[in-house]
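Colleague: requesting a structural model of the entry that follows:
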Amino acid sequence: MRLRQIALVGADLEKAESDIRAVLGLHYAYADPGVGKFGLVNAVFPIGDTFLEVVSPKAPGTTAGRLLEKRNGDGGYMVILQVDDIEAARARIKAENARIIEQADFDGVAMSHIHPKDIGGAIVSVDQMIPKARWEWGGPDWENNVRTDVSLGVVGGELQGDDPDAMSARWSAVLGRPRERAGDAWRIPLEDSEITFVKTADGRGEGLGAFTVAVRDPDAVRAAAQTRGLLRKDGAVELCGTRVHLRAA
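Modeller: Numbering: from 1, shown residues only. I've put the predicted structure just below:
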(Lines give C-alpha, C1' and ligand atoms only; values in the text may rest on other atoms or scores of the structure.)
Protein backbone atom coordinates (compact mmCIF):
# COMPACT_ATOMS: atom_id res chain seq x y z
CA MET A 1 0.00 0.00 0.00
CA ARG A 2 1.29 3.40 -0.99
CA LEU A 3 0.19 7.01 -0.58
CA ARG A 4 -0.23 8.11 -4.21
CA GLN A 5 -2.36 11.28 -4.00
CA ILE A 6 -3.48 13.93 -1.53
CA ALA A 7 -6.51 16.09 -2.35
CA LEU A 8 -7.28 19.51 -0.89
CA VAL A 9 -10.44 21.58 -1.18
CA GLY A 10 -10.29 25.27 -2.03
CA ALA A 11 -12.95 27.90 -2.66
CA ASP A 12 -10.73 29.66 -5.22
CA LEU A 13 -9.16 27.06 -7.51
CA GLU A 14 -7.21 29.61 -9.54
CA LYS A 15 -5.51 31.06 -6.44
CA ALA A 16 -4.73 27.63 -4.98
CA GLU A 17 -3.26 26.48 -8.27
CA SER A 18 -1.13 29.61 -8.57
CA ASP A 19 0.20 29.26 -5.01
CA ILE A 20 1.08 25.58 -5.49
CA ARG A 21 2.93 26.29 -8.73
CA ALA A 22 4.94 29.11 -7.17
CA VAL A 23 5.82 27.45 -3.86
CA LEU A 24 6.40 23.83 -4.91
CA GLY A 25 7.92 24.64 -8.28
CA LEU A 26 5.34 22.82 -10.39
CA HIS A 27 4.28 23.84 -13.88
CA TYR A 28 1.60 21.38 -15.02
CA ALA A 29 -1.85 20.49 -13.73
CA TYR A 30 -4.49 18.21 -15.22
CA ALA A 31 -8.17 19.19 -15.11
CA ASP A 32 -10.00 15.89 -14.70
CA PRO A 33 -13.44 16.07 -16.34
CA GLY A 34 -14.55 13.07 -14.28
CA VAL A 35 -14.97 15.17 -11.13
CA GLY A 36 -17.75 17.12 -12.83
CA LYS A 37 -20.32 14.52 -11.78
CA PHE A 38 -19.55 15.43 -8.15
CA GLY A 39 -20.16 19.13 -8.86
CA LEU A 40 -16.45 19.93 -8.80
CA VAL A 41 -13.61 21.30 -10.88
CA ASN A 42 -10.02 20.38 -10.08
CA ALA A 43 -6.33 20.62 -10.80
CA VAL A 44 -4.04 17.59 -10.36
CA PHE A 45 -0.29 18.20 -10.10
CA PRO A 46 2.27 15.42 -10.60
CA ILE A 47 5.09 15.55 -8.05
CA GLY A 48 7.52 12.82 -9.04
CA ASP A 49 5.15 9.89 -9.48
CA THR A 50 2.79 11.09 -6.73
CA PHE A 51 0.05 13.69 -7.00
CA LEU A 52 -1.41 16.74 -5.29
CA GLU A 53 -4.97 17.68 -6.20
CA VAL A 54 -7.15 20.68 -5.43
CA VAL A 55 -10.92 20.40 -5.88
CA SER A 56 -13.32 23.31 -5.86
CA PRO A 57 -17.14 23.22 -5.84
CA LYS A 58 -18.89 24.59 -8.92
CA ALA A 59 -22.41 23.62 -7.82
CA PRO A 60 -24.35 23.91 -4.55
CA GLY A 61 -24.74 20.98 -2.17
CA THR A 62 -21.42 19.24 -2.80
CA THR A 63 -19.47 17.28 -0.21
CA ALA A 64 -16.53 19.58 -0.85
CA GLY A 65 -18.66 22.66 -0.32
CA ARG A 66 -20.03 21.33 2.96
CA LEU A 67 -16.47 20.63 4.12
CA LEU A 68 -15.44 24.22 3.35
CA GLU A 69 -18.27 25.38 5.61
CA LYS A 70 -17.67 22.81 8.35
CA ARG A 71 -13.94 23.53 8.67
CA ASN A 72 -14.23 27.28 8.07
CA GLY A 73 -12.27 27.48 4.86
CA ASP A 74 -9.86 25.67 2.59
CA GLY A 75 -8.22 22.49 3.82
CA GLY A 76 -7.55 18.80 3.38
CA TYR A 77 -10.12 16.67 1.59
CA MET A 78 -9.03 13.20 0.53
CA VAL A 79 -6.29 10.55 0.82
CA ILE A 80 -5.81 8.16 -2.11
CA LEU A 81 -3.90 4.95 -1.47
CA GLN A 82 -2.65 2.61 -4.18
CA VAL A 83 -2.95 -1.13 -3.61
CA ASP A 84 -1.94 -4.22 -5.58
CA ASP A 85 -5.06 -6.25 -4.77
CA ILE A 86 -8.27 -4.23 -4.86
CA GLU A 87 -10.51 -7.20 -4.11
CA ALA A 88 -8.64 -7.98 -0.89
CA ALA A 89 -8.85 -4.30 0.09
CA ARG A 90 -12.59 -4.23 -0.60
CA ALA A 91 -13.15 -7.41 1.37
CA ARG A 92 -11.44 -5.89 4.39
CA ILE A 93 -13.45 -2.67 4.11
CA LYS A 94 -16.64 -4.72 4.06
CA ALA A 95 -15.52 -6.92 6.96
CA GLU A 96 -14.93 -3.79 9.05
CA ASN A 97 -18.43 -2.49 8.25
CA ALA A 98 -17.12 0.58 6.46
CA ARG A 99 -19.36 1.90 3.69
CA ILE A 100 -18.09 2.37 0.14
CA ILE A 101 -19.68 5.55 -1.20
CA GLU A 102 -18.22 5.48 -4.70
CA GLN A 103 -16.78 2.60 -6.70
CA ALA A 104 -15.57 2.12 -10.26
CA ASP A 105 -13.93 -0.61 -12.34
CA PHE A 106 -12.86 0.05 -15.92
CA ASP A 107 -9.95 -0.58 -18.28
CA GLY A 108 -7.28 -1.47 -15.72
CA VAL A 109 -8.56 0.99 -13.11
CA ALA A 110 -10.37 0.08 -9.88
CA MET A 111 -11.22 2.38 -7.00
CA SER A 112 -13.36 2.46 -3.87
CA HIS A 113 -14.09 5.53 -1.74
CA ILE A 114 -14.65 4.89 1.96
CA HIS A 115 -17.21 7.00 3.80
CA PRO A 116 -15.30 9.46 6.04
CA LYS A 117 -17.62 8.77 8.98
CA ASP A 118 -16.62 5.09 8.82
CA ILE A 119 -12.85 5.66 8.96
CA GLY A 120 -12.40 9.21 10.29
CA GLY A 121 -10.75 12.42 9.21
CA ALA A 122 -11.13 12.35 5.42
CA ILE A 123 -12.52 10.54 2.44
CA VAL A 124 -10.15 7.63 1.78
CA SER A 125 -9.88 5.89 -1.57
CA VAL A 126 -8.11 2.60 -2.27
CA ASP A 127 -7.16 2.34 -5.94
CA GLN A 128 -5.49 -0.23 -8.15
CA MET A 129 -3.91 0.60 -11.50
CA ILE A 130 -2.70 -1.75 -14.22
CA PRO A 131 0.14 -1.28 -14.97
CA LYS A 132 1.19 -0.18 -11.50
CA ALA A 133 3.02 2.96 -12.68
CA ARG A 134 -0.16 4.28 -14.30
CA TRP A 135 -2.24 6.96 -12.60
CA GLU A 136 -5.55 7.65 -14.29
CA TRP A 137 -6.36 10.72 -12.20
CA GLY A 138 -3.20 12.51 -13.35
CA GLY A 139 -4.27 12.50 -16.99
CA PRO A 140 -2.78 10.82 -20.06
CA ASP A 141 0.33 13.02 -20.27
CA TRP A 142 1.44 13.47 -16.67
CA GLU A 143 4.73 11.58 -17.05
CA ASN A 144 5.91 14.05 -19.69
CA ASN A 145 5.18 16.97 -17.39
CA VAL A 146 6.95 15.94 -14.19
CA ARG A 147 9.24 18.64 -12.84
CA THR A 148 11.49 17.72 -9.92
CA ASP A 149 13.94 20.61 -9.59
CA VAL A 150 12.09 21.78 -6.43
CA SER A 151 9.72 19.04 -5.21
CA LEU A 152 10.20 15.28 -5.49
CA GLY A 153 7.08 13.66 -4.07
CA VAL A 154 4.22 13.58 -1.59
CA VAL A 155 5.42 11.32 1.22
CA GLY A 156 2.96 11.80 4.06
CA GLY A 157 -0.51 12.78 5.17
CA GLU A 158 -1.43 14.01 8.65
CA LEU A 159 -4.90 13.47 10.11
CA GLN A 160 -5.98 15.40 13.17
CA GLY A 161 -8.73 14.61 15.64
CA ASP A 162 -9.75 14.64 19.29
CA ASP A 163 -8.63 11.02 19.72
CA PRO A 164 -5.74 10.15 17.38
CA ASP A 165 -5.34 6.80 19.10
CA ALA A 166 -8.87 5.72 18.17
CA MET A 167 -8.67 7.21 14.69
CA SER A 168 -5.39 5.47 13.89
CA ALA A 169 -6.77 2.18 15.24
CA ARG A 170 -9.76 2.49 12.91
CA TRP A 171 -7.60 3.28 9.88
CA SER A 172 -5.35 0.35 10.77
CA ALA A 173 -8.30 -2.04 10.94
CA VAL A 174 -10.02 -0.86 7.75
CA LEU A 175 -6.81 -0.75 5.71
CA GLY A 176 -5.20 -3.84 7.20
CA ARG A 177 -1.97 -2.00 8.03
CA PRO A 178 -0.18 -2.04 11.40
CA ARG A 179 0.19 1.19 13.34
CA GLU A 180 2.84 2.32 15.77
CA ARG A 181 3.30 4.99 18.40
CA ALA A 182 5.27 8.07 17.32
CA GLY A 183 5.78 10.21 20.42
CA ASP A 184 2.43 11.83 21.19
CA ALA A 185 1.10 10.77 17.80
CA TRP A 186 0.46 7.54 15.89
CA ARG A 187 1.63 6.52 12.44
CA ILE A 188 0.84 3.90 9.81
CA PRO A 189 3.96 3.19 7.72
CA LEU A 190 3.37 2.69 4.00
CA GLU A 191 5.61 2.07 1.02
CA ASP A 192 7.88 5.16 0.78
CA SER A 193 5.33 7.17 2.78
CA GLU A 194 3.24 7.31 5.95
CA ILE A 195 -0.01 8.46 7.46
CA THR A 196 0.22 10.14 10.87
CA PHE A 197 -2.47 10.96 13.43
CA VAL A 198 -2.20 13.91 15.80
CA LYS A 199 -4.31 15.78 18.32
CA THR A 200 -6.32 18.68 16.92
CA ALA A 201 -4.60 21.93 17.89
CA ASP A 202 -5.86 24.53 15.41
CA GLY A 203 -9.53 24.76 16.39
CA ARG A 204 -10.72 23.49 12.99
CA GLY A 205 -11.81 20.05 14.13
CA GLU A 206 -11.19 16.63 12.65
CA GLY A 207 -9.65 16.44 9.20
CA LEU A 208 -6.61 16.23 6.96
CA GLY A 209 -4.57 19.02 8.51
CA ALA A 210 -1.20 18.61 6.82
CA PHE A 211 0.78 16.69 4.23
CA THR A 212 4.49 16.15 3.69
CA VAL A 213 6.45 16.86 0.53
CA ALA A 214 10.03 15.77 -0.13
CA VAL A 215 11.89 18.81 -1.50
CA ARG A 216 15.45 19.54 -2.53
CA ASP A 217 15.84 22.77 -0.52
CA PRO A 218 13.34 23.42 2.28
CA ASP A 219 14.70 26.93 2.89
CA ALA A 220 14.10 27.89 -0.74
CA VAL A 221 10.52 26.59 -0.54
CA ARG A 222 9.92 28.58 2.65
CA ALA A 223 11.32 31.70 0.97
CA ALA A 224 8.94 31.23 -1.96
CA ALA A 225 6.05 30.79 0.47
CA GLN A 226 7.03 33.91 2.41
CA THR A 227 7.02 35.96 -0.79
CA ARG A 228 3.37 35.02 -1.31
CA GLY A 229 2.35 35.45 2.33
CA LEU A 230 2.09 31.67 2.84
CA LEU A 231 4.67 31.24 5.60
CA ARG A 232 3.00 31.00 8.99
CA LYS A 233 4.34 32.62 12.15
CA ASP A 234 5.47 29.18 13.36
CA GLY A 235 7.60 28.79 10.21
CA ALA A 236 5.30 26.29 8.50
CA VAL A 237 4.28 26.61 4.87
CA GLU A 238 0.53 26.69 4.24
CA LEU A 239 -1.13 25.89 0.92
CA CYS A 240 -4.88 25.88 0.38
CA GLY A 241 -5.51 26.08 4.13
CA THR A 242 -3.30 23.06 4.80
CA ARG A 243 0.08 22.88 6.51
CA VAL A 244 2.90 21.53 4.40
CA HIS A 245 5.70 19.66 6.15
CA LEU A 246 8.94 19.82 4.17
CA ARG A 247 11.29 16.85 4.15
CA ALA A 248 14.77 17.45 2.76
CA ALA A 249 15.55 14.93 0.03
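
Colleague: which residues does the nearest residue to L175 once chain neighbours are set aside contact?
Modeller: In space, and not counting its chain neighbours, L175 is closest to M1: 6.7 Å by C-beta to C-beta, 6 or more residues apart in numbering. Yep, even glycine has a C-beta here, placed from its N, CA and C like the rest. Neighbouring residues of M1 by C-beta atoms under 8 Å, 6 or more residues apart in numbering: L81, Q82, V83, V126, L175, R177, L190, E191.

Colleague: rerun that using 6 Å as the cut-off
Modeller: Neighbouring residues of M1 by C-beta atoms under 6 Å, 6 or more residues apart in numbering: L81, V83, L190.

Colleague: same question for L52.
Modeller: For L52, the contacting residues are I6, F45, V154, by C-beta under 6 Å, 6+ apart.

Colleague: can you tell me which of the contacts of M1 is closest to A248?
Modeller: L190 (19.8 Å; C-beta to C-beta).

Colleague: verify the stated contact: the closest one with V79.
Modeller: No. Counting by C-beta atoms under 6 Å, L190 stays clear of V79, with 10.4 Å between them.

Colleague: longest strand of this structure?
Modeller: strand 151-161 (DSSP state E).

Colleague: that one: partners in the sheet, and parallel or antiparallel?
Modeller: strand 193-199 (parallel), strand 207-215 (antiparallel) (DSSP bridges).

Colleague: same list (these) but as a markdown table, adding distance to K37 and mean pLDDT.
Modeller: Shown next, in a markdown table, are the strands paired with strand 151-161 (distance: least, C-beta to C-beta, whole Å; pLDDT from 0 to 100):
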| stretch | distance to K37 | mean pLDDT |
| --- | --- | --- |
| strand 193-199 | 27 | 98 |
| strand 207-215 | 22 | 97 |
